[in-house]
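Undergrad: I need the structure of the sequence given here:
(chains A and B)
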Amino acid sequence: MIAFHNTLTSRQEPFAPLRPGEVGLYTCGPTVYDFPHIGNFRAYVFEDLLKRFLRASGFRVLHVMNITDVDDKTIRGAEAKGVPLDEYTAPYIEAFFEGIRALRIVPADHYPRATRFIPEMVEIIQGLLEKGYAYGKDGSVYFRIARFPEYGKLSKIRPEDLQATARVEARLEADEYEKDSPRDFALWKAAKPGEPAWDTAIGRGRPGWHIECSAMSTNLLGPAFDIHCGGVDNIFPHHENEIAQSEAFFGHPFVGTWLHCHHLIVDGEKMSKSKGNQYTLRDLVGGRGLDPAVLRYFLLSTHYRRVLNFTFEAIDQSASALRRLRDFVYELEHRSLPPGRTGEAEPIAAEAQAKFLEGLGDDLNVSAALTALFELVRAGHGLLMDEKLAADDAASLVASVYSMDEVLAVLPPRGEEPLPEDLRGKVEERERARKARDWPLADRLRRELLEAGVVLEDTKDGVRWKIRARTGSG
RNA sequence: GGCGCGGUACCCAAGUGGCUAAGGGAGAGGUCUGCAAAACCUCGAUUCGCCGGUUCGAGUCCGGCCCGCGCCUCCA
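TA: Next up, the predicted model:
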């Protein structure tokens, strides 16, 4: 049983894709005008959890994520730097993919770029003009909200209820385009001097923001598809407008399930450049040496419809939880155990996996899933302690943990981490000191290794080492 | 003003009518250890923002109130 909380209906409802066994997934991607921050990646990690869970549940997922490479911000940025649009956006696109790799996000099947889908957008705009949902004015084209009675069904906002804030007032006044209603939105913007523009059947200009997602999603996933994700801030107006355009054009429902993840805040406050609390992935991973797996665990471990508060204390807690998980696997893989199997592990592994998937099936309740995983860890340690585990039992526990990690993707890839030569020498030197019962020297060497991020553990099978995950908090 | 999210132990965070209120982190005591580390055992909310109500029974439903936060035209 899989159920998700659908923004469209404000209810949790059983999930059933249009085609059995196949899921069409569209997730709003980056606008590449700056380096992506960890709030952006919270959304991408949530979407990755969703996708990995759907795959683990036996669905084939066709995933499309757009890259918005033409909009007011990218145009302004390119202009300010005096470089072509593509050249301006390139490093940000690169940084985005760097983050995708670092956080072990399964790549989408397609990453369409707005600038490469102009003809597809024009086709929809033409159709909307023909059907009377859109009107042209001074070379621009606008969507007439009044023609679409269901407008507001996603955000539950009625256009007439919108209170114009000071910011909006200013912008409406400053708007040099003539619109029949201030709530109508641009499908196509007439070319302006110095701005990138395309020559098309509806004139020379560039697309509005919302139309790209309608064009790219329906071209790559079909005119109706299963799941559309994004941040809550996209509900209005972006996704509301997407629905209006797409359903007006195609004449049938557009997306079955809308899932929106809440924001990440920092130290209890909204992240913003002016507050100086906006972290990019590069700041944390490159700059502070934070282990990306720790960040992934942190981003993952709070339910997607809750505000997530980023603090370095929370990161430390995530690092500790992850360390417990990694140590458990390490223990099972490195302890010398009798051959064969006692059968004690099987029911524990089976129950954990069942509860894990059941938890995620309940609107991606990751807390329930993690509880199942950690219950396996505790029970497994208990069996190890009581010597009720043989080699094959340990192997099935490890396999079970790794099967859950197919969804979580927080464990290191299987296999030994190499230890640099000089550190390995120190480990051996300390072993000699211990054999000679030279405790001061042995302890000093252990301290030095600890400072280098290597933890030593003396077991009855001999010394062994682990590399400590870094948390970036110093 | 509209729409929405949340207030559960020192921290993070599940739980939406009924066994002893998950799980993680931190802490205290113990076992093990040359000392550690890891692990294990034990301890830790008579109580779920506040006040009423419904019910045999409520953190969970209803009403009211208080507090924090997000969005409201191009921010995930």
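Undergrad: Now residue A:101: which helix or strand?
TA: Remark: residue A:101 resides in helix A:85-102, with elements defined by DSSP states H and E.
Undergrad: Sorry, slip of the keys, the one I care about is residue A:376.
TA: Under the assignment here (DSSP H and E), residue A:376 is part of helix A:366-385.
Undergrad: Just the buried residues of that helix, please?
TA: Within helix A:366-385, the residues scored as buried using 16 or more other C-beta atoms under 10 Å are A:366, A:368-370, A:372-373, A:376-377, A:379-381, A:383-384. Backbone N, C-alpha and C define where each C-beta goes, glycine included.
Undergrad: what's the answer for stretch A:333-340, then?
TA: By 16+ other C-beta under 10 Å, the buried positions in stretch A:333-340 come out as residue A:337.
Undergrad: Now do that stretch: everything it contacts.
TA: For stretch A:333-340, the surrounding residues in contact (C-beta atoms under 8 Å, 6 or more residues apart in numbering) are A:384, A:389, A:390, A:391, A:392, A:393, A:394, A:398, A:461, A:464.
Undergrad: Just the closest of these to residue A:47, please.
TA: Residue A:47 has its nearest neighbour among those in residue A:398, at 28.0 Å by C-beta to C-beta.
Undergrad: Can you pull the residues of the stretch 201-350 of chain A lying near RNA strand B?
TA: Within reach of RNA strand B by C-beta under 7 Å from any atom of the strand, the stretch 201-350 of chain A has these residues: A:208-209, A:230-238, A:261-265, A:268-271, A:301-303, A:305-309, A:313-314, A:316-317, A:320-321, A:324, A:327-328, A:331.
Undergrad: Tell me which of these fall in helices.
TA: Of those, the ones assigned to helices by DSSP state H are A:209, A:313, A:314, A:316, A:317, A:320, A:321, A:324, A:327, A:328, A:331.
Undergrad: Could you report the separation of the fifth one from residue A:134?
TA: For residue A:317, the distance to residue A:134 (C-beta to C-beta, to the nearest Å) stands at 51 Å.
Undergrad: Look at those two and report which has more neighbours.
TA: Shown here are residue A:317 and residue A:134; by other C-beta atoms under 10 Å, residue A:134 has more neighbours (24 against 16).
Undergrad: Hmm, that one is touching residue A:125, no?
TA: Yes. Using C-beta atoms under 8 Å, residue A:134 is in contact with residue A:125, at 6.5 Å.
Undergrad: Common neighbours of the two, please.
TA: A:141, A:187.
Undergrad: what's the neighbour count on residue A:130?
TA: By other C-beta under 10 Å, neighbour count at residue A:130 equals 10.
Undergrad: Read off the pLDDT value for it.
TA: Residue A:130 carries a pLDDT score of 96 in this model.
Undergrad: follow-up on the earlier one: for the following helix or strand past the helix holding residue A:376, packing partners?
TA: Sequence-wise, the next helix or strand downstream of helix A:366-385 (DSSP H and E) is helix A:391-408. If you count contacts as 3 or more C-beta pairs under 8 Å, 6 or more residues apart in numbering; DSSP states H and E, helix A:391-408 packs onto helix A:38-56, helix A:312-334, helix A:345-361, helix A:366-385.
Undergrad: before we move on, back to that, need the contacts of stretch A:333-340 in a markdown table with pLDDT and distance to RNA strand B, can you?
TA: Below are the contacts of stretch A:333-340 laid out as a markdown table (pLDDT from 0 to 100; distance: C-beta to the nearest atom of the strand, whole Å):
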| residue | pLDDT | distance to RNA strand B |
| --- | --- | --- |
| A:384 | 90 | 6 |
| A:389 | 92 | 12 |
| A:390 | 93 | 17 |
| A:391 | 93 | 18 |
| A:392 | 94 | 20 |
| A:393 | 94 | 15 |
| A:394 | 94 | 13 |
| A:398 | 94 | 15 |
| A:461 | 75 | 11 |
| A:464 | 82 | 9 |
